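1. model this:
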Amino acid sequence: MGPMTEMKVAGAELRVDRQEPGTGEQLNRLRAAVLGANDGIVSTAAVVVGVAGATSDQTTIAMSGLAAVIGGAVSMALGEYVSVSSQRDSERAMGMPEAAQVNPWSAGIASFLSFLLGACLPFATALLAPVAWRIAAIFGVTLLALALTGALSAKLGGAPIGRSVVRIVVGGSLALVATFAVGSLFGANVG
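-> Here you go, the predicted model:
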């Protein structure tokens, strides 16, 4: 049993048993945070590098990036909440104690915040890098950030670090190359 908390509600004294999150809940938040950060990095970088491939207009890049950051963070939070809610429903159906069940709110919040943090790196790079170096800077910052999150998540999860880093950097590189190619193609045809 966890520590007891006493509260007074409408003159009545209540005692509530506070449960510390279990291993499943900690892994739930870690998974949501890692996915959120990686998605924030990759999807925001892909949007800004794709738009930068089509135009050098700073306002267009900034507004596209901002829309990607906000939309992506909300989408990740909602996706995690719905997914983990389904998992919790299954845990309840199997009769797991409430203290051992995952929390969809903590997963959603972890995903939202980590998406925002991850998205800040490529978004800030797109806004601050000189035009001549913008694309290269976004690629460099993005791949470095992905390597760091891949290494951190592997270390926290006890997985091989090298394999994790290679997987996430290769995947991120493919996303950046694809969106830059599409942006450049449409930028060349429109402009």
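2. Could you use CA atoms for every contact and neighbour count after this?
-> Will do.
3. Mind checking what secondary structure Gln87 has?
-> Each residue gets one of three states, and Gln87 gets helix by DSSP: H, G, I helix; E, B strand; the rest coil.
4. how many other residues sit next to the residue nearest to it when sequence neighbours are not counted?
-> Once flanking residues are discounted, Gln87 sits nearest to Val102: 7.5 Å by CA to CA, 6 or more residues apart in numbering. Residues lying near Val102 (other CA atoms under 10 Å) number 24.
5. Any buried residues in the strand or helix carrying Leu152, and which?
-> Using DSSP states H and E, Leu152 sits within helix 134-157. If you call a residue buried by 16 or more other CA atoms under 10 Å, then helix 134-157 has these buried ones: 134-135, 137-139, 141-143, 145-154.
6. host element of the residue most central in space within the chain?
-> A centroid search over the chain (CA atoms, centre = their mean) returns Gly36, at 1.4 Å, as the residue closest to the centre. If you go by DSSP H and E, Gly36 is part of helix 23-54.
7. In terms of secondary structure, what does the helix or strand harbouring Gly71 contact?
-> Using DSSP H and E, Gly71 sits within helix 58-93. Contacts defined by 3 or more CA pairs under 8 Å, 6 or more residues apart in numbering; DSSP states H and E place helix 58-93 against helix 23-54, helix 104-128.
8. Please spell out which residues along the last one are buried.
-> Of the residues in helix 104-128, those buried under the neighbour-count criterion (16+ other CA under 10 Å) are 104-123, 125-127.
9. Give me the buried positions along stretch 71-90.
-> Using 16+ other CA under 10 Å as the test for burial, stretch 71-90 gives 72-82, 84-85, 87-88.
10. quick one on the thing from earlier: and the angle for the helix holding Gly71 with helix 23-54?
-> Relative orientation of helix 58-93 and helix 23-54, computed by axes from the mean of the first three to the mean of the last three CA atoms, to 10 degrees: 160 degrees.
11. picking up where we left off before, list just the nearest of the buried residues of stretch 71-90 to Asn28.
-> Nearest to Asn28 among the buried residues of stretch 71-90: Val84, at 8.3 Å, using CA to CA.
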